[in-house]
Each structure stands twice: as structure tokens, then as C-alpha cells.
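Student: predicted model, plus sequence, below.
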Amino acid sequence: MKRETIKISNEKQRCVFTAASCIALFLLLFSFSLFGLLVSPAVCFLLCKELLKEKGEIRSDPVTVILTILTAVGIFSVFYNKWISSALLESVCSVLGLPLKLVVISGGLLLSAVSLFALYQGVGRMVGTLKEEWELRTVLQNSEKILAIALCIVSAFGVIGVCSKASFIYPFNDWNDANCFFTVGKSMVNGIVPYRDLLEQKGPLLYLMHGLAWFVSHDSFLGVYFLESICAAFFLYYSYKTIRLYINRNLTFVIPLMSAICYTAFTFKDGDSAEELSLPFIAVSIFLMFRAIKERRGVTGKEALIIGIMAGCVFWIKFSLIGLYLGWFIVYALVSIKERGVRKLLPTAFNIAAGVLVSTVPFIIYFGWNHALMDWLKVYIYDNLFLYSEDKVGITESLSFGFSQFAEKNKTIFNLCLAAMLASLCQKKKEGFFYITAMIVFEFLLIYMGGKHYRYYSFVMNAFIPLGLICICRLFENNIPVWAENKTVIGILTLCSILLSFYLTPNRYLFGIDRNELPQYRFAKIMHEEKKDPTLLNYRCLDGGFYTAANIFPNCKAFCKLNMDLQEMYDLQDRYANEGLCDFIVCKLEFDLEKYELIETMTFPYNDTTQTFYLYKLK
């Protein structure tokens, strides 16, 4: 395809335009906290210097255009979230008599428009470097792969943008679990050690991912939105690659449909669950597993190593999600011993174990360096196994109830899992049936045998979407119309899937609400007005998001109540409340606290009910 070229001939105009674009980009990147202060000046200066050497030519490239637009939207979102909550800018706007939101939006859009030239050139250079360094020229010449990658990125950012409450179109993600992850994650990257200094029961990789998201925005979930979208893009891409193993047709139109099916599920509770963030690791594993199955061979050493790394990552996010790896390996071991002997199995097992070790060693070093190895293993392994469920039931009853929950709350995925098993059973070779069935059954067993049943538990089963879609695509493989491969049609379908996702998602009830109307931000404003650098205790309830909104780091190990029957947690919270060791206390019930006075109460909608929060101040 011939690229169009725009040329700015006037030398003076070109210099002014380039400099203005780079300055605008710097002002936008200034919102990225530490990055904006330390890195972006050098980046923008060097970019401006390079662009001034050129002759003012702008070459159009579809991949660069897509990436530039997505990057511009992301930077604008950070800019908006940074300055809409700025007390200084609010004061300036008040003096000038201008609406704060209008100033931020118009200023951000103006800077974004002016910076597009520099941003486009910068992104173009990165794409060009990738082409040369990673030899991606052959990949970029394949129109289906280009389209698939673009659709995965657009669908991920679009569908997550309307389905997850971490998105910038919603004021806040008020889900307790997401706030727990964010509180521990930001503490982890600021020197507070999980398990030793803070009690929480998920895996360290989950906290590390949220800690990195904190660098994008300190008092909102904008960074988590990017994290979710990136994970979703990888999940969609490797799920599509799995489908293409078995269907010899261009099926890129399936990608936006797959994203809508996955993220509008009722089990996609609010967004930002451990189950959701584990999907890309599982998708890579499923692709490698089924590529070997399709080619009727064992996995190679490299594939086994990668599967091990992916399994380790899932384990250190939430260990109850590794059931599909156990199911796959049991069948793989039996097939290998039968067809290739035990000796051929041992190297594979060794490589998988090595992969798990690769993903584990960084955490061994981290917790060992901080003298917290035993704290890590005790809380994450022992306490989760024996103290997590306060109301445990028998395994049979638990699995029975879990099955009804899965079938009822995640119907589409349940039916796709059934379709995958039945279709593989109808094949002449039954090997695929045993693999699929074992993976689904073991995943289900590890999810529900613990005795707890939450709505989001079965969301991890969405990893099997591509296996179910293979069956459906096979039925219509020879009847897919040619227009289904038309890029315009696929673009319209992608847009429709995003709009449909917004209509179908159960998480949109906060859409259109200003974040200053939420108790989290109202209480945050009160706390910072009352005291500089306040301390806070989330008392006798799960993390309600007040640490996040106020950007406060907990000073109490039991920073909130967890779903654990752990006496240490109750004793610590009571001691901090009775001795007045925090400046403020937030809770969901009224308490008679001797050293504190109630200063604010607020009730607000939460899903299909309401929540009331109480703010206490140290007397």
C-alpha cells in the first residue's frame, strides 16, 4: 500500500510547529508524576532535536496511527485525572470564575491536538525500532496479523473502558477487593512489605502489578484500567491464535465478539479481579498446549519452560486458579508415558518446574531480602488453606453449590465449555476430549472446593472461550460470507460490540456521577483539610477505597478486615482504635469509640443495594 506524505516546506514554520508540538507533549507528560518530572523533559528535548534535523515530512502508517491515537487517549486521561482533582487549579479557576472541568478538558484537548505531531513521530520511531530489532517486517506484511493485533488492542481498551469501573468514564472502582489489591500494591512499591507489614491473602504478583499501576495515578484506578486493558489485549490475541489453529479462515471479526462475550459476563464483577488478570497467562498456556495437541507431538523444551513460567505467574496471583495446569499435565503425562515412555516425560517435567522457579525466584529474593519469607508463606499458603473460609461446608456440598452458581451466573461460558467437551468427544481421536475435560474439571474443582462461593469465582473459566468458539466456527467455516473479512464491516462490528458491552455490563450504575459525590473522595477531602499527611484505619470492614481516594499508606498491619478467621487481625484493629493510633477511622457501622468523634456520615449506592460509611476523627 502506498503511503501518503505530507511535507511542511517553510523552514521557520516547521521549526515553530515542531517545537510547539514537543512542548505540548511535555506539558501533557508532566502529569505522569515522577516520569513527568525526571524523564519527559529529556525525552521531549531529544525528540525535538531529532525532528528539527528532518525535512518536515510526515508519512502515514496505519499501525503507527492506531498506536498514536491510543497513546494520546491514555495521556489525555492521565492529564484529566491529575488536574481535575488539583486544589491549586481549582483555586485559580475559582478566582477567574471559570468552570474547572471546562478548563481541564479544553486545555487537555488543545495540548493533545498540538502534541499529535511529536507523539506520532515518537511512536513511529518506536515501531520502526521494533521492526528492525525484532524482525517484525514479515509480521507487519501479514494483513490478518496487523488487523488482529489492532482489533485486540482497540477491543480491549474499548470494552474494558465501558465494562470495568476502573475506567476513566466511571468516577471510582468501589469494589473492596480491587481496593485491597491497590492499597497493598502501592504500599509494596513504597517500601511496605506485604504479609509482614500488611495482612492480605492474595499473591505477590497481583500486588506488584497494582503497585506499577499506582505510578500512573495515585488516587484513582486509571493505571489499573491500563493494566486491565493490556491484559485483555494479550488474552484476546492468544485466544484468537488458538482458534486459528483449528480454523483455516480469516476470523478477525470474532475478536470484538469474543471481547464482548468475555467482559460483559455477570461474573466480571466491577473489574480488576485476580481471575481477570490471570487470563493472559492462561491464554498463552492454552495456545502452546493445543498447538502441540493439534500437531500430535509433545511440547518442546521451550514451550514447557514458558508454560511453567505462566503457571508460576498464575500461582503467585491466586493459587486456586492453577487447576487447568494440573488437569493438562495429568493427561499429558499419561499420554507421554503411553506413547513416548517415562524418559521423554522427565525433561518436560523438569522444564515446567524450571519455569515455575523462574517466576518464583524474584519473590524469594524480595521477601528474603526483607526478612519476610515465613510471613509470606504463612499468610499466602497456610492461612489461605486453613483460615480463609469462616463458614466452610463439606466438599460435596461446596462443589454442588459451585456448579449451580457457575451454570446460573456464567451461562454463556458454561455452554461454551460444554460445547468444547462435546465437540471434542465427537472427534475420531479422543485425546482432545480428555485434555479439555480434565482442564475444565480440575479448574472447577480448585475454584470451588474451598467452601466459598463468590460471583467472580467462575470468571477464570472464560479462559476456555476460544475452545468453545472453535466448535461454533467449525460449523459455519464454509459458510462465512466474504463481507465478514471486510475491514469496514469489522470496524463497525467492533464499535457495535463496545456499545453493546456498555448496554449489557452490570457495572455501569456509577456512569455520569461526579467522583466528588462519592464518600471516598468526600472523606478524603475532609481528612486532608483537617490534617496534613493523615493516617487512617479502615475498621472492621473490607477496604472501602478510602486509602486509594486519599492516597494514604496504612500504618496498621491489619489495615482492613479480611475474610479470615484471624485473631491477630481483630486484636490489632481494636488496639489501634482503643489507643488512638490513627488520625481517622472509617467503618460501615457506628461504633462507640472512646478516643474518636463521628464527623461525617454518607450513604451511597453499591450494586443493587446501598452502603453507609462513617468517618471518625481523633479527639
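Tutor: It's in. Since we're looking at a predicted model, the values are computed, not measured.
Student: rest of the way, CA atoms for contacts and neighbours
Tutor: Fine.
Student: look up the closest residue to residue 353, ignoring the ones flanking it.
Tutor: Once flanking residues are discounted, residue 353 sits nearest to residue 308: 6.1 Å by Cα to Cα, 6 or more residues apart in numbering.
Student: just checking, the one you found touches residue 356?
Tutor: Yes: counting by Cα atoms under 8 Å, residue 308 does reach residue 356; the two are 4.7 Å apart.
Student: so between those two, which is more surrounded?
Tutor: Relative neighbour count places residue 308 above the other of residue 308 and residue 356, with 26 against 23, counting by other Cα atoms under 10 Å.
Student: give me phi/psi at the more buried one?
Tutor: phi -60, psi -40 (degrees, to the nearest 10).
Student: show me the contacts for it.
Tutor: 351, 352, 353, 354, 355, 356 (Cα atoms under 8 Å, 6 or more residues apart in numbering).
Student: residues near the fifth one, how many?
Tutor: This points to residue 355. What residue 355 shows, counting by other Cα under 10 Å, is a neighbour count of 23.
Student: so which residues of the stretch 1-150 of the chain form helices?
Tutor: Secondary structure of the stretch 1-150 of the chain by DSSP state H, counting those that start in this stretch: the helices cover 11-29, 33-38, 40-53, 62-84, 87-96, 100-133, 137-140, 143-163.
Student: which neighbouring elements make contact with the fourth one?
Tutor: Contact partners of helix 62-84 among helices and strands, from 3 or more Cα pairs under 8 Å, 6 or more residues apart in numbering; DSSP states H and E: helix 11-29, helix 100-133, helix 143-163, helix 222-246.
Student: now distance to residue 606, mean pLDDT and mean neighbour count too, for the ones you listed, in TSV please.
Tutor: Compiled in TSV, the helices and strands packed on helix 62-84 are given as follows (distance: least, Cα to Cα, whole Å; pLDDT from 0 to 100; neighbours: other Cα atoms under 10 Å):
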stretch	distance to residue 606	mean pLDDT	mean neighbour count
helix 11-29	34	76	19
helix 100-133	26	77	17
helix 143-163	16	91	22
helix 222-246	20	95	23
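Student: which residues in the stretch 451-600 of the chain form helices?
Tutor: With DSSP H, counting those that start in this stretch as the criterion, the stretch 451-600 of the chain has helices spanning 465-476, 487-504, 519-530, 546-550, 567-578.
Student: these: which one's closest to residue 371?
Tutor: helix 567-578 (19.8 Å; Cα to Cα).
Student: residues of the closest one that come out buried?
Tutor: Using 16 or more other Cα atoms under 10 Å as the test for burial, helix 567-578 gives 569, 570, 573, 574, 576, 577.
Student: thought the first one was touching residue 563?
Tutor: No: under the contact definition of Cα under 8 Å, residue 569 does not touch residue 563, with a separation of 10.5 Å.
Student: just give me the residue right at the centre of this protein.
Tutor: residue 228 (2.3 Å; Cα atoms, centre = their mean).
Student: what sits against it?
Tutor: Neighbours of residue 228 in contact, by Cα under 8 Å, 6+ apart: 160, 272, 276, 277.
Student: before we move on, the earlier item: any chance of the helices of the stretch 1-150 of the chain in a markdown table, plus distance to residue 523?
Tutor: Formatted as a markdown table, the helices of the stretch 1-150 of the chain follow (distance: least, Cα to Cα, whole Å):
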| stretch | distance to residue 523 |
| --- | --- |
| helix 11-29 | 29 |
| helix 33-38 | 24 |
| helix 40-53 | 33 |
| helix 62-84 | 17 |
| helix 87-96 | 15 |
| helix 100-133 | 21 |
| helix 137-140 | 50 |
| helix 143-163 | 26 |
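Student: out of the ones you listed, the one nearest residue 433 is which?
Tutor: Short answer: helix 143-163, nearest of the helices of the stretch 1-150 of the chain by Cα to Cα, at 28.1 Å.
Student: which strands or helices does the closest one pack on?
Tutor: helix 62-84, helix 137-140, helix 222-246, helix 254-263, helix 487-504.
Student: which residues are in contact with it?
Tutor: Applying Cα under 8 Å, 6+ apart, the set of residues contacting helix 143-163 is 63, 66, 139-140, 167-169, 225-226, 228-230, 232-234, 236-237, 250, 252, 255-256, 259-260, 263-264, 270-271, 494, 497-498, 501-502, 505-508.
Student: give me the domain ranges for the chain.
Tutor: 5-140, 143-506, 515-618 (automatic domain parsing).
Student: any idea which of these is most buried?
Tutor: Greatest average neighbour count among the domains of the chain goes to domain 143-506 (a mean of 20), per mean count of other Cα atoms under 10 Å.
Student: ok so, going back, closest to residue 532 out of the helices of the stretch 1-150 of the chain?
Tutor: So among those, helix 87-96 is nearest, using Cα to Cα, at 14.1 Å.
Student: can you list the helices and strands that that closest one packs against?
Tutor: Helix 87-96 packs on helix 100-133, going by 3+ Cα pairs under 8 Å, 6+ apart.
Student: taking helix 11-29 as reference, get the angle to the helix it packs on.
Tutor: 110 degrees (axes from the mean of the first three to the mean of the last three Cα atoms, to 10 degrees).
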